[in-house]
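Undergrad: with the input below, show me the fold.
(one chain, ligands or ions: 2)
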Amino acid sequence: MTARPAIKPIAADRLPDLLRAMPKAELHMHIEGSLEPELMFALAQRNQVPLRFANEQALRDAYVFNNLQEFLDIYHEGTMVLKTEQDFYDMACAYLARAQADRVLHAEIFFDTQTHTGHGLSAETVINGLHRACAEAPEKFGMTASLILCFLRHLSEDEAFECLEQALPLRDKIVGIGLASSEVGHPPEKFAKVYARARQLGFRLVAHAGEEAPPAYIWSALDVLRVERIDHGVQAIHDTALMQRLIHDRTPLTVCPLSNLKLCVFPTLAQHNLGRMLDAGIMATVNSDDPAYFGGYLNQNFTQTFDALGLSARHAYTLARNSFDASFIDASVRARYVDQLDEVFETFQ
Ligand code: ADE
Ligand code: ZN
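TA: Ligands and ions are numbered 1, 2, ... in the order given. A predicted model of the protein is given here:
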């Protein structure tokens with residue numbers, strides 16, 4: 001870890017501008033969850049896929065969820081419009097443009113191959129389309145981007161093995177493996193063998209754990225799957241020994257405040273535990289999860305959460321710095337990004 005700059009106090013009314021201006025990485029974003037209603041309707045028309053909503057606003061009005069499963073049902077329905085490699089490329093470019101506007105210098109993008117192979121598409125269609133957008137990101141969007149393939153945890157481990165097999169010819173286009181979808185009832189240990197195989201193959205490992213399910217899911221993501229980062233992890237706060245473990249090991253949590261609000265994990269943003277986690281020494285980051293569905297991209301997550309929790313410029317630096325330190329980028333690129341971050345904090349007025 002390199003030295004951190006002295007953080008100057010700044011006026012509260014300047015904090016949102018600092019949050020927007022600071023360079024950052026996004027480590028928890030499902031590309032299918034970035035599909036905005038406008039692009040969904042355009043792709044539906046291009047691919048002749050019927051939608052049950054009359055227009056974009058009617059679709060947006062349906063984005064009211066009581067829990068993760070209610071969201072996953074409508075998210076899955078939206079993915080039906082994706083048919084060709086070009087569709088995946090267009091969706092990823094639309095996200096990268098939004099990320100660039102939020103000063104994201106690096107994104108690690110989740111995708112669920114199984115959702116699309118379940119609709120008859122090939123893994124190549126999905127991965128090649130997304131990867132082309134990531135490969136062009138430095139030139140087109142002034143940022144880097146890589147891909148993390150998430151297994152769907154409501155499906156079997158055998159199906160996850162099959163998904164891994166299908167991805168292997170495209171191994172070089174994927175940096176890591178993750179675990180997403182319906183959490184409760186599908187604990188990490190269900191995927192012990194396929195994660196062991198992915199580890200042997202050299203993939204970086206992450207998993208959603210402790211979004212809705214109890215701390216035991218985070219323990220088994222760490223001890224059985226041996227992941228390097230926990231996606232969400234907000235339920236860790238209910239287990240003191242787990243908090244100590246996460247702090248001691250500097251295990252990153254990719255926290256998604258607006259997602260947690262929309263899926264009723266916390267009743268209000270003011271009751272979110274991000275500030276308590278950071279002040280306890282947890283290596284948290286802020287992320288958008290499914291920005292088209294949850295009311296905001298990365299900077300909206302930052303500005304709304306900082307406003308609701310009264311967080312400071314020091315918290316902002318810590319979160320941005322954590323996002324680079326927790327990323328899977330090369331050390332030399334990370335050092336360059338951290339220099340850019342430090343420069344903003346040194347010169348911001
Ligand atoms: N897939 C897309 N978004 C998700 C989330 N928040 N939790 C689990 N799986 C997901
Ligand atoms: Zn997620």
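
Undergrad: residues in contact with Val49?
TA: Contact analysis of Val49 by CB atoms under 8 Å, 6 or more residues apart in numbering lists Leu43, Met80, Val81, Lys83. For every residue, glycine as well, the C-beta is placed using N, CA and C.

Undergrad: repeat that for Phe345.
TA: Counted by CB under 8 Å, 6+ apart, Phe345 has contacts Pro5, Ile7, Lys8, Met22, Ala313, Tyr317.

Undergrad: ChimeraX command for the buried members of the residues you listed?
TA: This is how ChimeraX selects the buried members of the contacts of Phe345, with burial counted by 16 or more other CB atoms under 10 Å:
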select :7,22,313,317
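
Undergrad: need the contacts of Phe345 in CSV (columns: pLDDT and distance to ligand 1).
TA: As requested, the contacts of Phe345 are exported to CSV (pLDDT from 0 to 100; distance: CB to the nearest ligand atom, whole Å):
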residue, pLDDT, distance to ligand 1
Pro5, 85, 33
Ile7, 87, 31
Lys8, 85, 35
Met22, 98, 24
Ala313, 97, 29
Tyr317, 98, 26
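
Undergrad: tell me how many other residues crowd the nearest residue to Pro252 once chain neighbours are set aside.
TA: Nearest non-adjacent residue to Pro252, counting by CB to CB, 6 or more residues apart in numbering: Ala326, 3.5 Å away. Neighbours of Ala326 under the rule other CB atoms under 10 Å: 21.

Undergrad: thought Ala326 was touching Thr285?
TA: Yes. If you go by CB atoms under 8 Å, Ala326 and Thr285 touch, sitting 5.8 Å apart.

Undergrad: overlap in contacts of those two?
TA: With contacts taken as CB under 8 Å, 6+ apart, the residues that reach both Ala326 and Thr285 are Ala25, Leu27, Pro252, Thr254.

Undergrad: quickly name whichever of the residues you listed is closest to Leu263.
TA: Thr254 (15.1 Å; CB to CB).

Undergrad: would you mind identifying the next helix or strand past the one helix or strand the closest one maps to?
TA: Per DSSP states H and E: Thr254 is located in strand 252-255. Of the helices and strands lying after strand 252-255 in sequence (DSSP H and E), the nearest is helix 257-262.

Undergrad: gap between that following helix and the chain center?
TA: 12 Å (CA atoms, centre = their mean, to the nearest Å).

Undergrad: one step back: most neighbours among the shared contacts of Ala326 and Thr285, please name it.
TA: Ala25 (28 neighbours).

Undergrad: ok so that one is a strand residue?
TA: Yes. Counting by DSSP: H, G, I helix; E, B strand; the rest coil, Ala25 is part of a strand.

Undergrad: how about the contacts made by it?
TA: Contacts of Ala25 (CB under 8 Å, 6+ apart): 104-108, 285, 320, 323-324, 326-327, 329, 337.

Undergrad: among these, which are in strands?
TA: Those of the contacts of Ala25 mapping onto strands are Val104, Leu105, His106, Ala107, Glu108, Thr285, per DSSP state E.

Undergrad: return the set of residues that bridge with whatever residue of the chain ends up closest to ligand 1.
TA: The minimum distance from the chain to ligand 1, using CB to the nearest ligand atom, falls at Ala180 (3.5 Å). Beta bridges link Ala180 to Leu152 when assigned by DSSP bridges.

Undergrad: could the contacts of Phe345 go into a markdown table alongside secondary structure?
TA: Shown next, in a markdown table, are the contacts of Phe345 (three-state DSSP):
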| residue | secondary structure |
| --- | --- |
| Pro5 | coil |
| Ile7 | coil |
| Lys8 | coil |
| Met22 | coil |
| Ala313 | helix |
| Tyr317 | helix |
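
Undergrad: understood, closing this out.
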